[in-house]
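Peer 1: the amino acid sequence is not available; the structure is as follows:
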Ligand code: ASP
């Protein structure tokens, strides 16, 4: 995979996903050692380019790079020449001229990581772009389910909440479908994308039906930063109907697990109790995020693309 971009789960084959999960399992073992560092990426440079807020993803990419002995640079847009009106693409080209081996990009607008990838010689990893994709989140979710259940194939996964604005939902739909799971989505009707069933998922508006027999339930945060207009009468009503608590969980299988990508709005999409206790596995997801990002840095980093700059220059 060296020299390829990781822009979305949509672009991966099942074998690619399996290889990343397998590598992440080795990486997880490094995180359990007393000295959590190996020389694997010594001499490589990782640039974190986050244009949108992040806690888990940014910190875990940094930890992942450092555990593999890479040099990790955290670029902060607020203190850069972007403030002097430099364009995002010129900023990216400037950083690329310093020869990083991989650039991690998060942006509030869908498609920005792809546009950056089109002009860089360094591979680009999408760390979340608008409502489009968040591939490393889906990979860490797949790893968590594989650990908990011993398999992904044949499981029923129900995703609850703001599907239409969620890049996590989209990446997980691709990921779980490619790995052989049944995927259901449930939300107030305006939060279900019109063509969602073309992605091979079943859409519901009743929690009881959507949770019936589920092995995995994933709750999503309402993406307030992307809402225009009203999608439900009130937060209270949303929480009563779609908020996950132990009473609603009764509809699912006895050994169901509950996931959430974070940040959690307690009392809205998840009860306080479920936010903190099994069967929720939220902190395991976070822990697996480091292992997945180590695997992704290991598998994708390395300058490439003989020809990319020539091709771009030739065509511009
Ligand atoms: N942290 C996830 C994301 O960046 C989920 C969320 O923000 O709700 O998409």
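Peer 2: Received, thanks. Remember, it's a predicted structure, so these values are computed and weren't measured experimentally.

Peer 1: low-confidence bits of the protein, can you list those?
Peer 2: The model of the chain has pLDDT under 70 over residues 304-316.

Peer 1: residue of it nearest the ligand, please.
Peer 2: Minimum separation of the chain from the ligand (C-beta to the nearest ligand atom) falls at residue 221, amounting to 3.6 Å. Bear in mind the C-beta positions are built from the backbone N, C-alpha and C, glycine included.

Peer 1: what sits against that residue?
Peer 2: Residue 221 sits next to 161-162, 260-265, 268-269 when contact means C-beta atoms under 8 Å, 6 or more residues apart in numbering.

Peer 1: try it again at 6 Å.
Peer 2: Residues near residue 221 by C-beta atoms under 6 Å, 6 or more residues apart in numbering: 265, 269.

Peer 1: part of a helix, is it?
Peer 2: No - assigned with DSSP: H, G, I helix; E, B strand; the rest coil, residue 221 falls outside any helix and is coil.

Peer 1: list the contacts of the residue nearest the centre of the chain.
Peer 2: Centroid check for the chain by C-alpha atoms, centre = their mean gives residue 137 as the closest residue, at 2.2 Å. Residue 137 makes contacts with 168, 261, as judged by C-beta under 6 Å, 6+ apart.

Peer 1: how far away is it from residue 220?
Peer 2: As judged by C-beta to C-beta, to the nearest Å, residue 137 and residue 220 stand 11 Å apart.

Peer 1: up against the ligand, what does this structure have?
Peer 2: Selection of the chain residues close to the ligand by C-beta under 6 Å from any ligand atom yields 128, 134, 167-168, 221, 261-262.

Peer 1: try it again with 5 Å
Peer 2: Residues of the chain lying near the ligand by C-beta under 5 Å from any ligand atom: 128, 134, 168, 221, 261.

Peer 1: a markdown table for the residues you listed, including distance to residue 174 and secondary structure?
Peer 2: Putting the residues of the chain next to the ligand into a markdown table (distance: C-beta to C-beta, whole Å; DSSP: H, G, I helix; E, B strand; the rest coil) gives the following:
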| residue | distance to residue 174 | secondary structure |
| --- | --- | --- |
| 128 | 15 | strand |
| 134 | 11 | coil |
| 168 | 11 | helix |
| 221 | 20 | coil |
| 261 | 15 | coil |
